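Q: A structural model of the following input is requested.
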Amino acid sequence: MLRYSTARTEFWLSPGSTLRAVLRVSLKLALLIGLPMLILGPVVLLLLEGAAASASLATIAANLAALSASLILAVIGFAVLAALGRSLLRSK
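A: Just a heads-up that it's a prediction; the model follows:
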């Protein structure tokens, strides 16, 4: 009974059965686009989140490298100033 009612409604809406053809093409197109998005979407999202995380980690590493270089230069500068101070105090 349900199948008959559905077929009768379809024939009433579209006597040339173009509605069925349009629905079939739409369903194929939706599956063609939707299934790869459902399968590959989460993988691509994880990769993009990983890239963002590695970009953040790269920024942190660059900042730490700059900080360590600054600290090394500060220690060298302090050692040079201490050596100059000692040499000036000894010469007097």
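Q: List phi and psi for residue 27.
A: phi -70, psi -40 (degrees, to the nearest 10).
Q: now it: how far from residue 33?
A: Separation of residue 27 from residue 33 (CB to CB, to the nearest Å): 11 Å. For every residue, glycine as well, the C-beta is placed using N, CA and C.
Q: How about residue 87?
A: For residue 87 relative to residue 33 (CB to CB), the value is 78 Å.
Q: Likewise for residue 25?
A: The value you get for residue 25 to residue 33, if CB to CB is used, is 12 Å.
Q: Could you do residue 57 as well?
A: Note on residue 57: its distance to residue 33, by CB to CB, is 34 Å.
Q: what do you get for residue 17?
A: 25 Å.
Q: and what of residue 47?
A: Look at residue 47 and residue 33: by CB to CB, they are 20 Å apart.
Q: what are the ranges of the strands in this protein?
A: Under the criterion DSSP state E, the chain contains no strands.
Q: ok, which stretches of it are helices?
A: For the chain, the helices defined by DSSP state H cover 2-13, 18-91.
Q: what about residue 51, neighbour count?
A: 10 (other CB atoms under 10 Å).
Q: Model confidence for it, exactly?
A: Here the pLDDT value assigned to residue 51 is 75.
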